[in-house]
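Enquirer: kindly generate the corresponding structure for this input.
(chains A and B)
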2 protein chains.
Amino acid sequence: MRPQIVLFGDSITEQSFRLGGWGAALANTYSRKADIVNRGYGGYNTRWALFLLNHLFPLGSATPPAAATIFFGANDAALSGRTSERQHVPVDEYKENLKKIVQQLQECSPTILIVLITPPPIDEEGRLQYARSLYGDNAMKLPERTNEMTGVYAEKCVELAKELDLPSINLWSKMQETEGWQKKFLSDGLHLTQEGNAVVYQQVLRVFEDAWLIASKMPYDFPHHSEIDPKNPQKAFQQQCS
Amino acid sequence: MRPQIVLFGDSITEQSFRLGGWGAALANTYSRKADIVNRGYGGYNTRWALFLLNHLFPLGSATPPAAATIFFGANDAALSGRTSERQHVPVDEYKENLKKIVQQLQECSPTILIVLITPPPIDEEGRLQYARSLYGDNAMKLPERTNEMTGVYAEKCVELAKELDLPSINLWSKMQETEGWQKKFLSDGLHLTQEGNAVVYQQVLRVFEDAWLIASKMPYDFPHHSEIDPKNPQKAFQQQCS
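Expert: Take a look at the predicted model:
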């Protein structure tokens, strides 16, 4: 009965229900109006995400999602020849894969509102610190992701959104507008702090509301309790549920 | 594909995706294993909740919930003759209504794991303070709920769980074991602080894990990224998705 909003992405989506997470904040904002469905897959790049499409978004579904965020790229942008090489996807393929994801969602749900989100910026020193905290002297000496290369992927993501006339959020640029973004928004040089989550939440909400997905204007799935006459409760339910 | 865990209740369930909320914490714990579906209806008592049953839990559903929390009573226990009288439901009817909710869920989903949760205790002084903060001199002079009466409802809830051989959480008793529970766990004498939410989360998780709903033992819906061979990614997906 409630529309579904699917969050499709990698670990930054998977972790979005942690304390202060952007997914949980959306779930709270759309409380009683829409269901937020977390389809975040930690470690996944867009190449692997393609294998999920027919399972997550089957054509002919009776309840296709009303809206979706597509939030990949942090893993695709892992550098070839460094420690996370296995996740690397060339940038042109990244763009093609994103396009396939968009197309499947649109076929599954012709009226769907899709928002493309770029990967966040990379704090290379934060990545190295994190590796040292885990592996000590055995840690990688060169970061497995660079901010510059992730920026190239972010640009491709925004480029695709323009070509497909979809809204997008350039998180890579947006976060770098704030001084101290490296530690303020990123916990390990890549994943989000609570403040970083707040940025994603605000940006997604802004795009949703600029479209038509405005919680305050969406109907409750059932009567608000103040509309229920305690002497004749069935009346309110008959009106909304019949 | 993922099992659904439904949280059915009143405002304490509806608000469970706020910062530090128990619903969001469950969603994070069961990340990639189960979907947490929030069906909290602020202000609702069990009498009004009955109107929702056939809509929320239709018989013959292809995807009935695997587990559910039923968490009502805070509104049923509002006192007759005080300012929240419209929400009051006599305690014997409360128990009967809870039983009808359980029966519908069990008919909808014969193997469902159901957990009954009692209302939390009431901090009467907290309720009066909250009313004064909203209405000043026009605020109610007597609390619309008492801790003692809510305790009677909590007892009935636990009694029903025993009769039906279901697990239950006596939140009313549990919270009062901690000194200073009035302000530590309750924000306005009734609703939960972050610490109060943490108690609910821990208690629900304990009951789920004592049954069979243990996140670490549940399968991922799709391969963990570490199981994907970058040179032959389809292999991991063929095994799990065919």
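Enquirer: which ones are touching the residue nearest the centre of chain A?
Expert: For chain A, A:Phe71 is the residue whose C-alpha lies nearest the centre (CA atoms, centre = their mean; 4.2 Å). For A:Phe71, the contact set (CB atoms under 8 Å, 6 or more residues apart in numbering or on different chains) comprises A:7-10, A:12-13, A:40, A:116-117, A:119. The C-beta positions use only the backbone N, C-alpha and C, and glycine is treated the same way.
Enquirer: next, give phi and psi for it.
Expert: Dihedral angles of A:Phe71 (phi, psi; degrees, to the nearest 10) stand at phi -140, psi 80.
Enquirer: that one and B:Glu124: what is the separation?
Expert: Going from A:Phe71 to B:Glu124 by CB to CB, to the nearest Å gives 46 Å.
Enquirer: swap in A:Arg32?
Expert: Relative to B:Glu124, and taking CB to CB, A:Arg32 is found at 29 Å.
Enquirer: in the worst-scoring helix or strand of chain A on mean pLDDT, what counts as buried?
Expert: Using mean pLDDT, DSSP states H and E, helix A:233-241 stands out as the lowest-scoring helix or strand of chain A, at a mean of 86. Neighbour counts over helix A:233-241 (16 or more other CB atoms under 10 Å in any protein chain shown) mark A:233, A:236-237 as buried.
Enquirer: near chain B, from those?
Expert: Restricting the buried residues of helix A:233-241 to those touching chain B (CB under 8 Å from any CB of the partner chain) yields A:233, A:237.
Enquirer: helices of chain A, start to end?
Expert: A:11-14, A:22-29, A:46-49, A:53-56, A:91-108, A:124-135, A:147-164, A:171-176, A:181-184, A:194-210, A:233-241 (DSSP state H).
Enquirer: can you tell me if the second one touches chain B.
Expert: Yes: using CB under 8 Å from any CB, a contact is recorded between helix A:22-29 and chain B, made by A:23-25, A:27-28.
Enquirer: with pLDDT and neighbour count added, can I get the residues you listed in TSV?
Expert: Shown next, in TSV, are those (pLDDT from 0 to 100; neighbours: other CB atoms under 10 Å in any protein chain shown):
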residue	pLDDT	neighbour count
A:Gly23	98	31
A:Ala24	98	28
A:Ala25	98	24
A:Ala27	98	28
A:Asn28	98	21
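Enquirer: contact partners for A:Gln239?
Expert: Taking CB under 8 Å, 6+ apart, one finds A:Pro223 in contact with A:Gln239.
Enquirer: A:Val37 and A:Arg2 touch, don't they?
Expert: No: judged on CB atoms under 8 Å, A:Val37 makes no contact with A:Arg2 at a distance of 10.6 Å.
Enquirer: so for stretch A:120-140, what gets flagged as buried?
Expert: Quick answer for stretch A:120-140 (16+ other CB under 10 Å): A:120-124, A:126-128, A:130-131.
Enquirer: please apply the same query to stretch A:84-99.
Expert: Neighbour count says stretch A:84-99 has A:84, A:86-89, A:91, A:94-98 buried, by 16+ other CB under 10 Å.
Enquirer: got the contact list for it?
Expert: A:43, A:45-47, A:49-50, A:70, A:72-73, A:75-80, A:116, A:144-145, A:152-153, A:156-157, A:159-160, A:164, B:225, B:230.
Enquirer: what about that stretch, start to end distance?
Expert: Start-to-end span of stretch A:84-99 (CA to CA, to the nearest Å) is 24 Å.
Enquirer: check stretch A:209-219 too.
Expert: Note: stretch A:209-219 ends 15 Å apart using CA to CA.
Enquirer: what average pLDDT does it get?
Expert: For stretch A:209-219, mean pLDDT rounds to 95.
Enquirer: just how off-centre is that stretch within its chain?
Expert: 18 Å (CA atoms, centre = their mean, to the nearest Å).
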